[in-house]
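Chemist: sequence first, then the predicted structure:
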Amino acid sequence: MKKSRFLLLFFCFLCFNSCKKNKIIGANSKLFQDEAYKNKKKELKIKFLDSITSISSQSTNDSVFRHFLFDLSAEYYFLNENSKSSDVCKKILQLSSIAKDTFSIARAYSYIGDTNEFTKRDSAYFYHQKAEKLYRSINNKERIGIELFKKAYILFIEGNYIESESQVSNALLFLKNGKDAEMLFTAYSLMGLNFEKLEEYQEALKYQLLAKDVLRDIEGYNSSLEKRYLYSVESSINIANIYEKTFRFDKSIQELQSILTPQLKVKYSKDYAAVIGNLGYSKMKSGDFKGVEKMFKDALILSIKNGTDANVVYKYLNLGEYYSLIKDTTKSLNYLKQSLRLAEKIKAGEEIKTALKMLSKIDYRNAAKYDKRYIFINDSLTKAQRINRNKYARIEYETSVVEDENKLLSTKNTYILIGAFVLTLVLILIIAYRYVKNQKREKVYREQQQQAEEEIFDLLKSHQIKLNEVKIKEQKRISFELHDGILNKLFSIRLQLGILNESDAEDVNAKREIYIDLLEKLEEEIRDISHELQTDFIDAQIEYSSLLQNLILEKNELKITTFTIDIDNRIDWEPISGLVKITIYRIAQEAIHNVVKYAVAKNCVVSINRLKNNALELTITDDGNGFEIESIVTDGIGLKNMRERAKSIKAKFDISSESGKGTKIQVVFENPELKKE
């Protein structure tokens with residue numbers, strides 16, 4: 001389950017704040033630091049700022065005045081007056097152009113981008129792109145890094161995590177050696193969030209830990225302890241999210257409990273709501289339901305009070321999932337429907353999908369309706385992301401064209417562009433190297449898998465050959481006994497009866513003739529049996545079935561689970577492909593191994609049946625612990641191997657399980673009578 005987005009909202013504040021100078025320049029800027037101004041209500045502050053704006057047009061166009069206007073724009077921005085903030089920035093842009101102040105022009109573009117961040121993201125991206133180009137022209141590396149970060153942040157909001165990761169990587173090249181520890185912290189955090197979205201959790205944890213390490217540098221860098229405390233809360237939430245998604249719930253709980261302090265509850269209710277909501281979710285997923293309901297409800301109340309709709313959606317989803325797990329369907333449906341309505345209202349695509357998926361599972365009567373909406377939303381989001389990728393790529397191109405024609409660019413820009421090209425080339429080479437390396441690793445893995453399959457098949461054939469040798473040896477022994485022993489005795493008896501048959505008594509002769517005929521027939525039958533036993537007939541069916549039986553017998557010796565096997569006697573194994581046989585054996589072997597290792601099952605039944613269309617069906621059913629399929633982020637190695645084996649021969653693989661109700665694996669081989677190997 002996704003967590004609170006308070007980090008993303010905090011990014012917005014940090015990004016804009018990082019662009020302000022550390023010292024307030026000029027007497028006018030000190031107005032915003034006055035205690036009387038700080039204590040005013042929002043409406044009075046806005047009126048005060050409006051009055052300043054109206055009289056400031058008469059001031060002289062110098063650097064002090066332009067710095068004051070930047071601070072004025074920032075004050076509007078923090079009061080959520082984005083339109084007025086943007087208007088001030090446009091005035092700064094005019095004044096800076098007249099003064100030919102490239103730094104202020106770039107800064108104005110950046111501020112305008114900030115004001116459009118949540119309403120017109122394509123426009124915001126465009127202005128940050130322009131700011132970046134100008135900062136490159138004056139070789140201001142710190143500001144280049146900041147603008148790259150802001151572009152990455154917009155891409156992250158749009159769901160373009162791969163492109164966002166690339167932009168953050170570029171930003172870190174400029175930020176990692178700088179003095180702005182706060183900016184470096186946010187860049188590492190955003191990189192971690194991108195990897196988390198891409199489900200590369202090891203890399204995600206790596207960058208979140210790097211962000212946490214940077215906190216030590218923030219303490220002595222013109223930053224209050226209060227700000228550092230909020231950063232530490234943010235960092236712990238991000239780290240706990242990764243632990244939760246990798247099923248290390250104990251670590252997630254430990255991380256969240258470390259920041260659950262009275263100070264957090266009293267002073268930062270929004271952050272406290274996020275922490276207890278996440279803590280409750282991790283406890284719930286670990287199977288500990290104690291206190292979870294209260295945590296979720298307290299978090300919901302605080303989120304509603306703070307007016308953060310995105311957080312309210314998550315709290316509704318958490319409560320819906322909680323009541324689903326404790327089998328309170330009515331409450332579960334109520335909260336899930338509330339989450340769906342609110343998610344649709346704020347157009348939160350991923351949350352809409354999550355709510356629909358859970359509703360489909362719980363409200364099974366309306367499952368078809370929810371599934372249909374889920375597919376439509378998913379397709380729409382995919383299409384939107386594709387359009388956005390093209391849109392931002394086009395912005396990059398169009399901005400580049402405009403900047404090439406801009407007379408403000410100096411000769412230095414050429415060298416910077418060359419450097420950027422070289423850097424891009426290096427990144428491409430690194431990506432290409434990683435790609436080639438992964439391809440080689442994949443090739444080695446496939447070769448090893450193929451070799452293992454061949455070894456299994458050789459083992460199967462070797463086992464069959466040994467059985468055949470024993471059979472043939474036994475057949476010859478019986479043949480010799482029949483021929484040299486029984487036939488000779490029967491021949492002697494027939495001769496004796498023939499002699500006695502020369503007697504003249506009619507009734508005795510008639511009886512003896514009958515016996516002689518019977519003995520002759522018996523002699524022929526035994527001779528036929530002897531000839532048949534001399535053939536090289538191989539009963540492949542019995543041999544392959546024995547191989548499967550032996551697999552079951554081996555696991556029963558462990559005395560952990562009672563295994564039984566049921567093989568349809570209508571199956572003719574002779575024409576069935578060796579690859580199909582190996583696949584059946586390997587899947588059964590892996591499934592049985594998983595039952596012994598994880599399921600804690602009393603009984604497990606392996607059955608192989610022939611279906612009406614001559615297909616084969618392999619079923620492995622146990623009465624063990626089971627698990628929730630939806631809770632699995634990625635398949636384990638064993639389950640993944642079973643899927644891949646089935647897929648390689650176009651067999652249908654299906655697994656069904658439920659916590660406390662065991663697991664069932666079903667594999668259907670549609671065309672098992674392939675070319676015989």
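Modeler: Right, received. Where do you want to start? Small disclaimer: the values here were computed from a predicted structure and weren't measured.

Chemist: centroid residue for this protein?
Modeler: Nearest to the mean C-alpha position of the chain, by Cα atoms, centre = their mean, lies Glu199 at 4.4 Å.

Chemist: so Asn613 lies in a helix, does it not?
Modeler: No - counting by DSSP: H, G, I helix; E, B strand; the rest coil, Asn613 is not part of a helix but coil.

Chemist: what does it show for phi and psi?
Modeler: With angles defined as degrees, to the nearest 10, Asn613 sits at phi -90, psi 20.

Chemist: and for the closest residue to it other than its chain neighbours, the neighbour number?
Modeler: Nearest non-adjacent residue to Asn613, counting by Cβ to Cβ, 6 or more residues apart in numbering: Glu670, 7.6 Å away. C-beta here means a position set from N, CA and C on the backbone, and glycine is covered the same way. Neighbours of Glu670 under the rule other Cβ atoms under 10 Å: 13.

Chemist: right, and Glu670 touches Ile649 too?
Modeler: No - with contacts counted by Cβ atoms under 8 Å, Glu670 stays clear of Ile649, the gap being 9.5 Å.

Chemist: could I get the full set of strands for the stretch 501-650 of the chain?
Modeler: Along the stretch 501-650 of the chain, counting by DSSP state E, counting those that start in this stretch, strands occupy 562-567, 603-610, 616-622.

Chemist: tell me the mean pLDDT for the last one?
Modeler: The average pLDDT for strand 616-622 rounds to 94.

Chemist: equivalent analysis for the first one, please.
Modeler: Taken as a whole, strand 562-567 carries a mean pLDDT of 92.

Chemist: what angle sits between it and strand 616-622?
Modeler: 170 degrees (axes from the mean of the first three to the mean of the last three Cα atoms, to 10 degrees).

Chemist: which strands and helices sit next to strand 562-567?
Modeler: Judged by 3 or more Cβ pairs under 8 Å, 6 or more residues apart in numbering; DSSP states H and E, strand 562-567 is in contact with helix 540-556, strand 603-610.

Chemist: could you tell me the least trusted of the ones you listed?
Modeler: Sorting the helices and strands packed on strand 562-567 by mean pLDDT places helix 540-556 lowest, at a mean of 77.

Chemist: elements contacting that helix?
Modeler: helix 412-481, strand 562-567, helix 578-594, strand 603-610.

Chemist: got any ranges where the stretch 551-677 of the chain has weak pLDDT?
Modeler: Residue ranges of the stretch 551-677 of the chain with pLDDT under 70: 631-635, 674-677.

Chemist: let's see it at 90
Modeler: Within the stretch 551-677 of the chain, the ranges that satisfy pLDDT under 90 run 551-561, 569-583, 586, 589-590, 593-594, 596-601, 611-614, 625-650, 657-661, 670-677.

Chemist: one more: the stretch 101-250 of the chain?
Modeler: Applying pLDDT under 90 to the stretch 101-250 of the chain picks out residues 115-126, 154-163, 174-183, 197, 211-235.

Chemist: nearest to Ala99, of the strands of the stretch 501-650 of the chain?
Modeler: Nearest to Ala99, of all the strands of the stretch 501-650 of the chain, is strand 616-622, at 77.4 Å by Cβ to Cβ.

Chemist: run the angle between that closest one and strand 603-610 for me.
Modeler: Using the same axes, to 10 degrees: strand 616-622 against strand 603-610 is 170 degrees.

Chemist: given strand 616-622, what are its sheet partners and their directions?
Modeler: Sheet partners assigned to strand 616-622 using DSSP bridges are listed as strand 603-610 (antiparallel), strand 663-669 (antiparallel).

Chemist: ok so, going back, between the strands of the stretch 501-650 of the chain, which gets nearest to Lys40?
Modeler: Shortest distance between Lys40 and the strands of the stretch 501-650 of the chain, using Cβ to Cβ, is found for strand 616-622: 68.3 Å.

Chemist: residues in contact with the closest one?
Modeler: With contact meaning Cβ atoms under 8 Å, 6 or more residues apart in numbering, strand 616-622 is reached by 561, 571, 576, 580, 584, 587-588, 591-592, 595, 599, 601, 603-611, 662-669, 672.

Chemist: cool, and stretch 276-284?
Modeler: Stretch 276-284 is contacted from outside by 1, 3-4, 237, 240-241, 243-244, 249, 252-253, 256-257, 260, 289-292, 295-296, 298-300, 303, 311, 314-315, 318, 321-322, 325, using Cβ under 8 Å, 6+ apart.

Chemist: how about that stretch: buried residues?
Modeler: Across stretch 276-284, burial judged by 16 or more other Cβ atoms under 10 Å covers Ile276, Gly277, Asn278, Leu279, Gly280, Tyr281, Ser282, Lys283, Met284.

Chemist: could you do stretch 644-655 as well?
Modeler: For stretch 644-655, a neighbour-count test (16+ other Cβ under 10 Å) marks Arg645, Ala646, Ile649, Ala651, Phe653, Ile655 as buried.

Chemist: where's the last one relative to Ile592, distance?
Modeler: Just to be clear, that refers to Ile655. Noted for Ile655: a distance of 14 Å to Ile592, by Cβ to Cβ, to the nearest Å.
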